[in-house]
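1. got a predicted structure here, sequence first:
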Amino acid sequence: MDGTASSPARTRPTRKPAAAAGRRATVDRATRETRISATVDLDGTGRSDIQTGVGFLDHMLDQLARHGLFDLTVRAEGDLHIDFHHTTEDVGITLGQAFAKALGDRRGIQRYGEAHVPMDEALSRVAVDISARPYLVWDVRFTRDKLGEMDTELFREWFHAFAQNAGLTLHVANLYGENNHHIVESCFKALARALRAATAIDSRRPDAVPSTKGTLGGSL
């Protein structure tokens, strides 16, 4: 030995992956038409506590939580004595904002997700890019005006509001199907599976923003 003391090895500080920091958010929204509160945990187990006053919408959001493995809590009070439009749209807005807030700078996520989901005779496809460039392509047609008391035209309104406020490029297509309930439920389940894949943390790049620009936001 030459008697020279060796200096201790320097370690570079590491940032915890996004999931380790907890990807949870709550958003409250109040207007003259509705009062909405939405909480999302992107790294949950699929638990849901949904009360919107619109039974069919509650059922669909439960599917979103269950198949996306998101924990969701939604409370809504709206002008249901008029119709379900304001409540449905505003739930999409608020839940989308909660997803965007929980995602933060979108560091470490897979970013893209796609799913085909069958439900009996119906098959739907959803593809999503968590891009912060909101856009909806909706290729879904219904043969009934209502499911229960809910207007079928309101499903597009929910998907549009959710995509705009979560910052998603979202393509939704029903490839075929006859039963309107099966068609829309397969769309929500496919959204859940696509989001589950897109929001997952990439184990090979857990601290990188998945964009050659180095950021995900605005019109970039």
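-> Right, received. Where do you want to start?

2. quick one: neighbours of residue 125, just the number.
-> 18 (other Cβ atoms under 10 Å). From N, CA and C alone the C-beta is placed, and that goes for glycine too.

3. ok, for residue 200, nearest residue in space, not its chain neighbours?
-> residue 110 (5.0 Å; Cβ to Cβ, 6 or more residues apart in numbering).

4. what's near enough to touch the one you found?
-> 197, 198, 199, 200, 201, 202, 210 (Cβ atoms under 8 Å, 6 or more residues apart in numbering).

5. look up phi and psi at it.
-> Phi and psi for residue 110, reported as degrees, to the nearest 10, are phi -70, psi -30.

6. against residue 127, how distant is it?
-> Using Cβ to Cβ, to the nearest Å, residue 110 is found at 13 Å from residue 127.

7. same deal with residue 62?
-> For residue 62, the distance to residue 127 - Cβ to Cβ - is 23 Å.

8. also residue 35?
-> Distance from residue 35 to residue 127, by Cβ to Cβ: 33 Å.

9. what about stretch 53-66, distance to the chain center?
-> For stretch 53-66, the separation from the chain centroid amounts to 13 Å (computed by Cα atoms, centre = their mean, to the nearest Å).

10. actually, stretch 187-203.
-> Using Cα atoms, centre = their mean, the offset of stretch 187-203 from its chain centre is 8 Å.

11. so for that stretch, what gets flagged as buried?
-> Within stretch 187-203, the residues that count as buried by 16 or more other Cβ atoms under 10 Å are 187-201.

12. of these, which belong to helices?
-> 187-199 (DSSP state H).

13. of those, which is the nearest to residue 122?
-> Proximity of those to residue 122 was ranked by Cβ to Cβ; the top entry is residue 187 with 8.9 Å.

14. need the strands for this structure, in chain order.
-> Under the criterion DSSP state E, the chain contains strands at 24-30, 34-41, 48-51, 71-78, 112-119, 122-129, 135-139, 146-147, 150-151, 169-176.

15. mean pLDDT for those - can I get that in JSON lines?
-> Putting the strands of the chain into JSON lines (pLDDT from 0 to 100) gives the following:
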{"stretch": "strand 24-30", "mean pLDDT": "98"}
{"stretch": "strand 34-41", "mean pLDDT": "98"}
{"stretch": "strand 48-51", "mean pLDDT": "98"}
{"stretch": "strand 71-78", "mean pLDDT": "98"}
{"stretch": "strand 112-119", "mean pLDDT": "98"}
{"stretch": "strand 122-129", "mean pLDDT": "98"}
{"stretch": "strand 135-139", "mean pLDDT": "98"}
{"stretch": "strand 146-147", "mean pLDDT": "94"}
{"stretch": "strand 150-151", "mean pLDDT": "96"}
{"stretch": "strand 169-176", "mean pLDDT": "98"}
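
16. out of those strands, which gets nearest to residue 85?
-> The closest of the strands of the chain to residue 85 is strand 150-151. By Cβ to Cβ, the value is 7.6 Å.

17. could you list the low-pLDDT ranges of this structure?
-> Applying pLDDT under 70 to the chain flags residues 1-21, 206, 208-220.
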